[in-house]
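**Q** A predicted structure for the sequence below; I have some questions about it.
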Amino acid sequence: MLVFLIRRIAQSAIVVAIMSVLVFTGIFAIGNPIDVLISPEADEAERAAAIARLGLDLPMHEQFLAFAKNALSGDLGTSFVHGVPAVQLVLERFPATLELALLAMIIAVAIGIPLGIWAGLRPDSKAGKIIMAGSILGFSLPTFWVGMLLIMAFAVSLGWLPASGRGETVEVFGIPFSFVTADGLKHMILPALNLALFKVSLVIRLARAGTREVALQDYVRFARAKGLAPRRIVGVHILKNIMIPVVTVLGLEFGSVIAFSVVTETVFAWPGMGKLLIDSILLLDRPVVVAYLLVTVLLFIVINLVVDLLYSLLDPRIRLGGAKA
């Protein structure tokens, strides 16, 4: 296990270094934030002073070296617009995105696995066919369009749920969360459903494929022959084995839910990292965009490591610390 962890940390460091170069080059080579930050009526002296203050007068390689040196100490730059550390802005919005992503994944698992198992056990039934048709819709419908439909139906027409914002929050260890209040939960339901739609369809298909494969295995047939209750067969023999690929995929998908919740957060005005990213792109606030992307890279790396560890726990045949790890 220790060898595996050391190897993965070394690989992660290489990935972070490569992504730092790509992100910095891609973001800082596009556009000129001075055009957005400085009044069009400013004279050349004011423009030159602003450019020098932001360090944009230096050659690209010198800007990157300064960025890399500061990044090693956790400083990813200061926001051009807000005048505070970019990492601070991103991390302040992270709890809002995290709790929304967690609720979306809980919804996806709670709905997708039972429906997928049902469709896998009864693939030719009418219910099984309806479930699979619904999963195709989940893959096909645009997220922003579904979000607007949810707002029109449940917020505007019925008035059951709020259409935007985060609602009332309570600080837990100094971090504000919405899920601990009734008003906060009401504000979370629509964006979480919208964010979970694609993942529900994915989980249904994974669970269905795994169920159909596992149901044909000898140990399942033997369990049926012994007269075990169907509920026990599904809960012990089928569910445990289909969870291995589901956990692997969902771990990676959890990172994508956090990283790519931009559309949902924009539609529902959810004050998370995704909305911050859109606002920063519109204002050409380069340090915030870079900080967001690098925090996302680190998040994916950590999630990959956790998924590998969970995989070994679900399948004891895997030995992470062995020669083939």
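**A** The structure has been received and is ready for your questions.

**Q** helix, strand or coil for residue 160?
**A** Following DSSP: H, G, I helix; E, B strand; the rest coil, residue 160 is assigned to coil.

**Q** right, and it touches residue 154 too?
**A** Yes. With contact defined as Cβ atoms under 8 Å, residue 160 reaches residue 154; the gap is 5.1 Å. Every residue, glycine included, has its C-beta placed from N, CA and C.

**Q** Same drill for those two, tell me which one is more crowded.
**A** Using other Cβ atoms under 10 Å, the more surrounded residue of residue 160 and residue 154 is residue 154, with 17 against 11.

**Q** so who does the more buried one touch?
**A** 160-161, 190 (Cβ atoms under 8 Å, 6 or more residues apart in numbering).

**Q** Let me have the residues you listed in TSV, extended by distance to residue 11 and pLDDT.
**A** Shown next, in TSV, are the contacts of residue 154 (distance: Cβ to Cβ, whole Å; pLDDT from 0 to 100):
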residue	distance to residue 11	pLDDT
160	48	89
161	44	88
190	39	91
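
**Q** Of these, which is the nearest to residue 106?
**A** Distance to residue 106 across the contacts of residue 154 (Cβ to Cβ) is lowest for residue 190, with 15.2 Å.

**Q** The closest one contacts residue 161, doesn't it?
**A** Yes. Shown here, residue 190 and residue 161 form a contact pair, counting by Cβ under 8 Å, at 5.4 Å.

**Q** Looking at those two now, which is surrounded by more residues?
**A** residue 190 (24 against 17).

**Q** now the more buried one: how far from residue 198?
**A** Distance, residue 190 to residue 198, by Cβ to Cβ, to the nearest Å: 15 Å.

**Q** and if you look at residue 140?
**A** Distance from residue 140 to residue 198, by Cβ to Cβ: 10 Å.

**Q** and the two? which has more neighbours close in?
**A** residue 198 (22 against 9).

**Q** so which helix or strand takes in the more buried one?
**A** In this assignment (DSSP states H and E), residue 198 forms part of helix 182-214.

**Q** what's that helix packed up against?
**A** The contact analysis (3 or more Cβ pairs under 8 Å, 6 or more residues apart in numbering; DSSP states H and E) places helix 182-214 against helix 86-121, helix 126-140, helix 143-150, helix 239-259, helix 262-267.

**Q** Please enumerate the shared neighbours of residue 190 and residue 161.
**A** Between them, residue 190 and residue 161 share the contacting residues 154-155, judged by Cβ under 8 Å, 6+ apart.
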